[in-house]
Structure formats: C-alpha cells, structure tokens
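A.B. asks: Need a 3D model of the sequence below.
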Amino acid sequence: MDQGSTVQRMPAVQRYGGAVLLTLLVIAGRYALNPWWGHQHNRHLVFLPTVMVAAWVGGFRAGLLSTAMTTVALDYFWSDSPASRWHAPSVDLVLFVLLSVVLCAIIASLQDARANADAATRSRQRVLEIVAHDLRSPLTAVLTTAEAIGTLAPEMQPRVARIERAVTRMDNLIRDLMDATRIEHGELKVSLAPEPIDAVVQEAVELFATAAQEHGIALESRRLADPALRVMCDRERIVQVLSNLIGNALKFTPEGGRITVSVDRKGDEVELAVADTGRGIPPENLERVFEKYWRSDEKGTGLGLFIARSIVRAQGGRISVASTVGAGATFTFTIPVAR
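C.D. replies: Next comes the predicted model:
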C-alpha cells in the first residue's frame, strides 16, 4: 500500500492524536535540555523535523497542527520577551511558521504524487494481466490447430513445427513481461522444494536440443557424478533461468559452435554454468547485461537476464558472467544444496 493511501485511510483521531503526542514529547524533551543546550540553541533544528514527521505520518493538516503547537511553545518557552505574552511575533518565529507550512505542503504534494504514480502502476499491471490472459487464449487455439494439422497432414509437419516455435516464443515473451512486472512490485514468488539437479538440467537441455541441431550448434551437458544430489529450488523457475541462458547463448553462437551446460558441487552449493563459443561480451558491457531492457543489439527484449538474476536471488543464489571477446561467454549461478 502506498504512503498517500495509508495516510488517507488512517482514522483522524489516530493522525491528529499522533501529531499532538509527538509534538508534546519533543517540546518536553527540548525544554528538559535547556540546562545543557541553552535557552536559544537548536530550537528550530529540533522542531522543524517534528513538523515534517507529523506531516508525513498524519498528512497536511496534522503537520499544520504540529506547526501551531511548536509555534506556541517557541513563543512561550523560548521567547526573548517572556514577561509580555502579547507582543509582536519575532522575525525568526514568522519564518519558522512560513517554512513549516511550506514543508507540510511539499510533503503533502509528494505523497499525492506517489499515490498517483502507484495507482497508475497498478492500473498498468492490471491491463498487462488482462492483455496477457487474452493473448494466451488465441495462442492456445493456434497451437491446438497446428497440432491437428500435423496429425492429419504429415507432409505439413515442418511448417507446423515453425508455427509451434513461433507460438512458444510469443508465450515466453508474455511470461517475461509478466515476470518483469512482478519483480518491479516485489511479487515474484518461488516455491522451494528438494529437486534432483541433474534431472532439472536435462529437462532444460532437452527443450533446446532441436533448435540447437537446426542451427548446427552442439548442445551438451556435463552433469554430476551423483545424480541423486538434490538442491532447494523452484524447479520450474530454475528451468526458466537455464532456458533464458541457453536461449541467449543460441542467439549469439554461430553455426558450428558449442554450448555446454555444466553442474559442479562446491560445498553447500551447486554451481551451474552455461558456456558458449560465441562472439563474447565486451568488458564495458559486462556490468550491464543484467540490467532491465538492456540489449547489446536488436535481438530479444532485454528481459531474460534481468529475470534470471531476480529468480536466482529469490532462491538464495548468485549469478555472474565472464567473457572474452571472440571466445564466448560463461554465465554461472548457484543454488543451495538441499539439507
């Protein structure tokens, strides 16, 4: 929930009561410090933050209430002419009031802007969810129809296969857009469970076996000697990470190249690496490859590596990249071993 809506939904008694209590405590505390700080020292530096906190927590009017209370306290306890209570306010007191009102207005404006921005973001997310749902329905119909055509007319199978790959790419794009939106809002969910890591790797490699063969690229996996070793992970999400890395390697590896997916246990973690023999990544771009929407060229959306990093971190792992221009790149990430 955003700050603006929180203030609006808070009961008036709680907002104003909190502002009164906070201001009274600060006034009493500052008055108690008179013997150490002196009568005139650090008055406004204490009360201005009090007004700002009251405005931030309780809203504009709560900030004004705190301003009025601190102004009366300044005039009564810290006035230069305490013998006469009905005197013209001093210049510094007037400036204090004006500055406090301006600060309350600025804070209220910031809260309104933040509330509007959050509302716009939520609206955009709802629209994206609706569009994603509506797009997946015709994609499913296209895929079902293509499979039926392939069954009835075997000679059409190559074209059906191209249709299926196009549908899969579109579905992956929709999923990436939804995942990126969830990550922005801190709503990316993972369900951790013990999973055999060799089987997870094999599943991901098999998804790209046909594509690698069509591009003339050797795709191999080097798995653990202990196939029973399990890691704590969300299996579907780790397959997604590996798919993003392997798919990315396929885009930048030329015909005749090689992609190797390896698994290695290191202490309480399992390290997975996807290495290719492509063109590599320039040193100045290594720090940017995981940025959202960053692309080295026009291929892809710039979301795959950003999502992969978020998924790995959500499962307690780390991800990194090493590369030499002209000799390929290696993406490495870790997963905790299941105990």
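A.B. asks: Contact partners for the nearest residue to A218 once chain neighbours are set aside?
C.D. replies: Residue nearest to A218 in three dimensions, not counting chain neighbours: R258, with 4.5 Å by CB to CB, 6 or more residues apart in numbering. Placement of C-beta: from N, CA and C, glycine included. Going by CB atoms under 8 Å, 6 or more residues apart in numbering, R258 touches I217, A218, L219, E220, D276, T277.
A.B. asks: Highest neighbour count among these?
C.D. replies: D276 (27 neighbours; other CB atoms under 10 Å).
A.B. asks: how near is the residue nearest to that residue when sequence neighbours are not counted to V205?
C.D. replies: Excluding the flanking residues, the one nearest D276 by CB to CB, 6+ apart is A249, at 3.9 Å. According to CB to CB, to the nearest Å, A249 and V205 sit 12 Å apart.
A.B. asks: What residues of the helix or strand where the residue nearest to D276 lies count as buried?
C.D. replies: Using DSSP states H and E, A249 sits within helix 235-252. Using 16 or more other CB atoms under 10 Å as the test for burial, helix 235-252 gives 235, 237-250, 252.
A.B. asks: Ok, stretch 47-66 next?
C.D. replies: So stretch 47-66, judged by 16+ other CB under 10 Å, has buried residues 47-48, 50-66.
A.B. asks: go on, stretch 27-37?
C.D. replies: Going by neighbour count (16+ other CB under 10 Å), the buried part of stretch 27-37 is I27, R30.
A.B. asks: Put the alpha carbons of that stretch into PDB.
C.D. replies: Extracted C-alpha coordinates of stretch 27-37, given in PDB (Å, rounded to 0.1, in the frame of the first residue of the first chain):
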ATOM      1  CA  ILE A  27       8.600  20.100  23.300                       C
ATOM      2  CA  ALA A  28       9.100  18.400  26.700                       C
ATOM      3  CA  GLY A  29      12.400  16.900  25.700                       C
ATOM      4  CA  ARG A  30      13.700  20.100  24.300                       C
ATOM      5  CA  TYR A  31      12.700  22.000  27.400                       C
ATOM      6  CA  ALA A  32      14.400  19.500  29.600                       C
ATOM      7  CA  LEU A  33      17.600  20.100  27.600                       C
ATOM      8  CA  ASN A  34      17.700  23.800  28.300                       C
ATOM      9  CA  PRO A  35      20.300  23.500  31.000                       C
ATOM     10  CA  TRP A  36      22.700  21.700  28.600                       C
ATOM     11  CA  TRP A  37      21.800  23.300  25.200                       C
END
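A.B. asks: How are the strands of the protein distributed by residue range?
C.D. replies: Along the chain, counting by DSSP state E, strands occupy 193-196, 218-222, 230-233, 258-266, 269-276, 319-324, 328-336.
A.B. asks: List the contacts of the second one.
C.D. replies: Put plainly, it is strand 218-222. Contacts for strand 218-222 (CB under 8 Å, 6+ apart): 201-202, 205, 208-209, 212-213, 246, 257-263.
A.B. asks: repeat for the fifth one
C.D. replies: Defining contact as CB under 8 Å, 6+ apart, one finds that strand 269-276 is touched by 197, 201, 224, 229, 231, 242, 245-246, 249, 252-253, 257-265, 317, 328-337.
A.B. asks: which among those end up buried?
C.D. replies: Looks like the contacts of strand 269-276 have 197, 201, 224, 229, 231, 242, 245-246, 249, 252-253, 257-263, 317, 328-335, 337 buried, using 16+ other CB under 10 Å.
A.B. asks: Pretty sure V26 is one of the things V46 touches, is it not?
C.D. replies: Yes - assessed by CB atoms under 8 Å, V46 is found in contact with V26 at 6.4 Å.
A.B. asks: contacting residues around the closest residue to A62 other than its chain neighbours?
C.D. replies: Take A62 and drop its neighbours on the chain: the residue closest to it by CB to CB, 6+ apart is A19, 3.9 Å away. Residues in contact with A19 (CB under 8 Å, 6+ apart) are A54, V57, G58, A62, G63, L65, S66.
A.B. asks: and stretch 217-225, C-alpha only, in CSV?
C.D. replies: Below are the C-alpha coordinates for stretch 217-225, written out as CSV (Å, rounded to 0.1, in the frame of the first residue of the first chain):
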residue,chain,number,x,y,z
ILE,A,217,25.3,-25.9,-32.8
ALA,A,218,26.4,-28.7,-30.4
LEU,A,219,24.5,-28.5,-27.1
GLU,A,220,25.8,-30.8,-24.4
SER,A,221,25.5,-31.1,-20.6
ARG,A,222,28.1,-32.2,-18.1
ARG,A,223,26.2,-33.4,-15.0
LEU,A,224,27.3,-34.5,-11.6
ALA,A,225,28.6,-38.0,-10.8
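A.B. asks: Could you pull up the mean pLDDT of that stretch?
C.D. replies: On average, the pLDDT along stretch 217-225 is 83.
A.B. asks: Over to stretch 24-41?
C.D. replies: On average, stretch 24-41 scores 78.
A.B. asks: returning to what we had before: which stretch among the strands of the chain comes nearest P158?
C.D. replies: Taking CB to CB, strand 218-222 is the member of those nearest to P158, at 20.7 Å.
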